[in-house]
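[1] could you work out the structure for the sequence below:
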Amino acid sequence: MSEQRLILDPYELHLDDLNVAQPRLFQADAHWRYFDRLRKEAPIHYCRESDYGPYWSVSRYQDIFAIDTDHQRFSSASGITVGGAGGTKPAQQSAQSASDQGNAKPKWNGFSMFIAMDPPKHDLQRATVTGVVAPPNLALMEDTIRSRAAEILDNLPVAEEFNWVDRVSIELTTQMLAMLFDFPFEDRWKLTRWSDLATTQPGQGVVESPEQRRAELLECLEYFTHLWNERVSAPPKNDLISMLAHGEATKDMSPFEFLGNLLLLIVGGNDTTRNSISGGVLALNENPLEYEKLRADPAVIPNMVSEIIRWQTPLAHMRRTATEDVTLHGKTIKSGDKVVMWYVSGNRDETAIPRADEFLIDRRKARQHLSFGFGIHRCMGNRLAEMQLRILWQEIHKRFSFVEVVAEPTRTYSTFVKGFSNLTVKVHPF
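    Have a look, this model is predicted:
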């Protein structure tokens, strides 16, 4: 299907033939009508053929919530994306395994991470690192985030075009991530590179082949193994590597389990926040009356942050695997079937969110969105993400009357990370 003409109108297709797991749909921002049709006609929908094999789509808010909070019947252990571990297609995974035959290094069989585990192992590994975003630590970070955001904004060119993604969104989140890992600041660009490698298919502008992707991710493992060896020999500290190295549930991880958890923490701390930063600028430009509300009352910023995260939905979906036969809306999901919870659709479900297709920065109960997930896998860094966005918009409001989008954005080629590679803007002072 990926080689065929991209069908923008879902009503050209028979309902049984709808396949929303097409990266080109998301890159073209053309997925909305697909999900609108699914919510209305087939909230539990079976796709027989896709690049990732057959899967069920769950598109309504309440159904997504029910599955997300039912880890007994819907397991994460077989992967959290429609494409499986690492987001690669089955053919790529086979090629990776075959290319490792006879290799003296450890076999590349993908990587595991605690978000793709079930209790009790999930709970123990997650608990090892959650302290880094505990409220006392967040309070300690606030001044640092504010000073870094201020420095980034003060160095932007005024009334000149530049890529907001690179100069602001990536720079702020990567600096924050380097602080959480206690990562060498001069090498922080590597974190962005590894995040992109983990979430982008080969041949889409990041790497050309599965072999190149694997080689660079093994470099990531080597770099962090050096940091691990330093931290494990030193007294425990309050950074993520030290927490993993000294944690009872994580200190004996295999190399690829270590890599998987690293990539989870990198993507969770980087892609999601950076794409909400960019998405907020675009949303305000597309809804000028909301921008006027912001200029008139900056006290709305904390609420606006939640609305931005709902509106952008930086991770479009999460996947589970049924552990037993389950019937929903008259459809029977068989044990072993892939079940994809489309957060991006649930966040636009009018039956759960009034005026869901409108961007309203003063929306009531704005935090009741799906973007962070629910249940045992709810995003552990959600408060940190909200804090970064809140501080950034407070600092923007002090300096600029308008962050103007001057060209169509370039969106990512992914059904998982819903984001941007380019957002050309001009900033205008008061």
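
[2] touching, Thr332 and Glu324? I think so.
    No: applying Cβ atoms under 8 Å, one finds Thr332 not in contact with Glu324, separated by 10.8 Å. Using the backbone N, CA and C atoms, a C-beta is placed for each residue, glycine as well.

[3] can you give me the helices for the stretch 201-350 of the chain?
    Secondary structure of the stretch 201-350 of the chain (DSSP state H, counting those that start in this stretch): helices at 210-232, 240-246, 255-286, 288-296, 301-312, 343-346.

[4] buried stuff in the longest one?
    Going back to what we said before, that points to helix 255-286. Neighbour-count burial for helix 255-286 flags 255-285 (criterion: 16 or more other Cβ atoms under 10 Å).

[5] what residues of stretch 22-36 count as buried?
    Quick answer for stretch 22-36 (16+ other Cβ under 10 Å): 22-23, 25-27, 30-31, 34-36.

[6] and that stretch, how far apart are its ends?
    Terminal residues of stretch 22-36 lie 16 Å apart, using Cα to Cα, to the nearest Å.

[7] Val403 is nearest to which of the helices of the stretch 201-350 of the chain?
    helix 255-286 (5.2 Å; Cβ to Cβ).

[8] now do the closest one: distance to the chain's middle.
    5 Å (Cα atoms, centre = their mean, to the nearest Å).

[9] how big is the angle separating it from helix 210-232?
    110 degrees (axes from the mean of the first three to the mean of the last three Cα atoms, to 10 degrees).

[10] averaged pLDDT, helix 255-286. What do you get?
    Helix 255-286 shows an average pLDDT of 88 in the prediction.

[11] taking helix 288-296 as reference, get the angle to that helix.
    Using the same axes, to 10 degrees: helix 255-286 against helix 288-296 is 100 degrees.

[12] tell me which helix or strand in the chain has the weakest average pLDDT.
    helix 90-99 (a mean of 36; mean pLDDT, DSSP states H and E).

[13] okay, now the unreliable bits of the stretch 151-300 of the chain?
    Across the stretch 151-300 of the chain, nothing is flagged by pLDDT under 70.

[14] what's near enough to touch Met304?
    280, 294, 361-362, 366, 393 (Cβ atoms under 8 Å, 6 or more residues apart in numbering).

[15] the same query, at a cut-off of 10 Å, please.
    280, 283-284, 290, 293-294, 297-298, 311, 359-363, 366, 389-390, 393 (Cβ atoms under 10 Å, 6 or more residues apart in numbering).

[16] same deal with Phe372?
    272, 306, 309-310, 314-315, 343, 378-383, 385-386.

[17] sec struct for it, please.
    coil (DSSP: H, G, I helix; E, B strand; the rest coil).

[18] for Gln368, same thing?
    coil.

[19] state the distance from it to Gln62.
    12 Å (Cβ to Cβ, to the nearest Å).

[20] so what sits against both of these two?
    Residues touching both Gln368 and Gln62 (Cβ under 10 Å, 6+ apart): Ala352.

[21] so which residues of this protein form strands?
    Listed in chain order, the strands of the chain (DSSP state E) span 44-47, 55-58, 74-75, 162-163, 318-322, 326-328, 331-333, 338-341, 400-405, 410-411, 420-422, 424-429.

[22] let's have the ones you listed in TSV, adding mean neighbour count and distance to Arg213.
    TSV is the format used below for the strands of the chain (neighbours: other Cβ atoms under 10 Å; distance: least, Cβ to Cβ, whole Å):
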stretch	mean neighbour count	distance to Arg213
strand 44-47	20	26
strand 55-58	25	23
strand 74-75	20	26
strand 162-163	18	24
strand 318-322	22	20
strand 326-328	15	35
strand 331-333	16	32
strand 338-341	25	23
strand 400-405	18	32
strand 410-411	17	21
strand 420-422	18	17
strand 424-429	17	28
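
[23] between the helices of the stretch 201-350 of the chain, which one is nearest to Val406?
    helix 255-286 (9.3 Å).

[24] how far off strand 424-429 does the closest one point, in degrees?
    For helix 255-286 against strand 424-429, the angle by the same axes, to 10 degrees is 60 degrees.

[25] ok so, going back, and of the contacts of Phe372, the nearest to Ser209?
    Nearest to Ser209 among the contacts of Phe372 is Leu315, at 25.5 Å by Cβ to Cβ.

[26] ok, that closest one to Pro184 distance?
    For Leu315 relative to Pro184 (Cβ to Cβ), the value is 28 Å.

[27] do the same with Thr200
    24 Å.

[28] quick check on the two: which one has the bigger neighbour count.
    Remark: of Thr200 and Pro184, Thr200 carries more neighbours, 21 against 11, as counted by other Cβ atoms under 10 Å.

[29] the more buried one and Gln212 touch, don't they?
    No: Thr200 is beyond contact range of Gln212, at 11.6 Å (criterion: Cβ atoms under 10 Å).

[30] give me the common contacts of the two.
    Between them, Thr200 and Gln212 share the contacting residues Val206, judged by Cβ under 10 Å, 6+ apart.

[31] just to revisit the earlier point, now for the helices of the stretch 201-350 of the chain, which one comes closest to Glu142?
    Closest among the helices of the stretch 201-350 of the chain, once you apply Cβ to Cβ, is helix 301-312, at 13.1 Å.

[32] identify each buried residue in the closest one, please.
    301, 303-312.

[33] can you check what angle separates it from helix 288-296?
    160 degrees.

[34] what is the mean pLDDT for helix 301-312?
    Mean predicted confidence for helix 301-312 is 98.

[35] output that helix as CSV, restricted to C-alpha atoms.
    C-alpha atoms of helix 301-312 as CSV (Å, rounded to 0.1, in the frame of the first residue of the first chain):
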residue,chain,number,x,y,z
ILE,A,301,-0.7,29.7,29.9
PRO,A,302,-0.8,26.7,32.3
ASN,A,303,-4.3,25.8,30.9
MET,A,304,-3.1,26.5,27.3
VAL,A,305,-0.2,24.1,27.8
SER,A,306,-2.7,21.2,28.4
GLU,A,307,-4.7,22.2,25.4
ILE,A,308,-1.6,22.3,23.2
ILE,A,309,-0.6,18.8,24.3
ARG,A,310,-4.1,17.6,23.5
TRP,A,311,-4.2,19.3,20.2
GLN,A,312,-0.8,18.2,19.1
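
[36] ends of stretch 147-161, what's the gap?
    With Cα to Cα, one end of stretch 147-161 sits 24 Å from the other.

[37] so which bits of that stretch are buried?
    148-150, 152-153, 156.

[38] what of stretch 367-384?
    In stretch 367-384, counting by 16+ other Cβ under 10 Å, buried: 367, 369-374, 376-377, 379-382, 384.

[39] closest one of these to Asp9?
    Nearest member of those to Asp9, counting by Cβ to Cβ, is Leu370, at 25.8 Å.

[40] with that, I have no additional questions.
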